[in-house]
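Q: Model the following, please.
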Amino acid sequence: MIRHLQHYLLLTMILGSLGCQTLHQHKNTPVIVQPADVPKELCKATIPEYVIEPPDILTIDALRVLPKQPYALQPLDSISVQINKSNGEPLFNASASIDPAGELPLGPEFGSVKASGKTIGQLRTEIKRLVNETYSEPLVGVDLVQIALLQQIAGEHIVSPDGKVNLGVYGQVRVAGMSIPESKQAIEAHLSTYLDKPQIAVDIFGFNSKFYYVISEGGGLGDQVTRIPFTGNETVLDAISNVEGLSAVSSKQMWVARPGRNMDGGEQVLPVDWQAVSMRGDTRTNYQIMPGDRVFVAEDKLVAFDNHFAKQVAPIERMAGVVLLVTQAAQRLVYFEQSGTNGGNSGF
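A: Numbering: from 1, shown residues only. Reported below is the predicted structural model:
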């Protein structure tokens, strides 16, 4: 009788520790009536014009990058030189870069000439003077092919946390919050301080600033949040596939929580009929994902209850295990003491 009473008290303590957590349900998700034209599979919307944000990566191509005149040549600038005799016979025709020492090589016959710090006109005069030592009335043509600083404009540029791209010696330009055409205009306006009517092309190389999230309840063991890059064509089905499907603790209940308010000022919560989407190919709730969306997957209630029950019972099990161990040790100690006493009293 006493043993049964102890078991009853232990069960009462366990159920009492669970409180009102048993088989708790989510509060009813606020279902907002959405317009019929919510973008979904087979009826997708065009994504608004992309807005640049950190840490996107831009690709800049220099279409027309010419220095303002008069331009003083610098090391690593590329120069095209044509040298002909007075009768038009070619003597030298090649493009070369000014070396770090400021010299422009003109081949073994003419050696090199000091070019750094000179304008194109001054360099042409200097080359003509050099060639004139060997050939009378030479014809000399000099053109600037490419400036060395062009390499700091063209290429891939990451948008830094302050919203700017770094153009080397030309400084930094703020592009965060701009569209691609707006960023092109801003960069060209900045470069016009140093260059003559610059023209560039801007594109997005790395779309790194737009994400959506798949949040899966963990059945009382913590939620799992997965951040997925936004590409502009995903649906709920794509989002679930990107996290390798539903886990063992997930239920079929899910919805899309969209940042911002709807036309009525309420929350944008889009319930998803997962069985209809996955089993019947129904597209009505297979919504198109937008940047910032949260695809929330609710937990399985039985799994959540089992995990919660296990967490509540575990301390009691450990305490009961300790009590049982101490009780068994005490019983053995009493048994050995009684055995020793009985053995000492026995004899002939």
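Q: Strands along the stretch 201-348 of the chain, start to end?
A: Ranges of strands in the stretch 201-348 of the chain, per DSSP state E, counting those that start in this stretch, are 211-216, 224-229, 250-261, 267-273, 294-299.
Q: Would you point to the one among these that's packed deepest?
A: Sort those by mean neighbour count, taking mean count of other Cβ atoms under 10 Å, and strand 294-299 sits at the top with a mean of 21. For glycine as for every other residue, the C-beta is placed from the backbone atoms N, C-alpha and C.
Q: the inter-axis angle of that one versus strand 267-273?
A: With axes from the mean of the first three to the mean of the last three Cα atoms, to 10 degrees applied, the angle from strand 294-299 to strand 267-273 works out at 50 degrees.
Q: picking up where we left off before, ok, which of the strands of the stretch 201-348 of the chain comes nearest residue 100?
A: strand 224-229 (42.5 Å; Cβ to Cβ).
Q: coming back round to it: can I get the strands of the stretch 201-348 of the chain in JSON lines including mean pLDDT?
A: Shown next, in JSON lines, are those (pLDDT from 0 to 100):
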{"stretch": "strand 211-216", "mean pLDDT": "96"}
{"stretch": "strand 224-229", "mean pLDDT": "95"}
{"stretch": "strand 250-261", "mean pLDDT": "91"}
{"stretch": "strand 267-273", "mean pLDDT": "91"}
{"stretch": "strand 294-299", "mean pLDDT": "95"}
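Q: Need these in a markdown table (columns: distance to residue 185).
A: Shown next, in a markdown table, are those (distance: least, Cβ to Cβ, whole Å):
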| stretch | distance to residue 185 |
| --- | --- |
| strand 211-216 | 28 |
| strand 224-229 | 27 |
| strand 250-261 | 29 |
| strand 267-273 | 34 |
| strand 294-299 | 35 |
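Q: So for residue 280, which of the ones you listed sits nearest?
A: strand 267-273 (8.9 Å).
Q: Would you give the sheet partners of that closest one, along with the direction of each?
A: strand 250-261 (antiparallel) (DSSP bridges).
Q: Need the residues that contact the partner strand.
A: If you take Cβ atoms under 8 Å, 6 or more residues apart in numbering as the criterion, strand 250-261 is touched by 26, 29, 216-217, 236, 246, 267-272, 274-275, 287, 289-290, 292-301.
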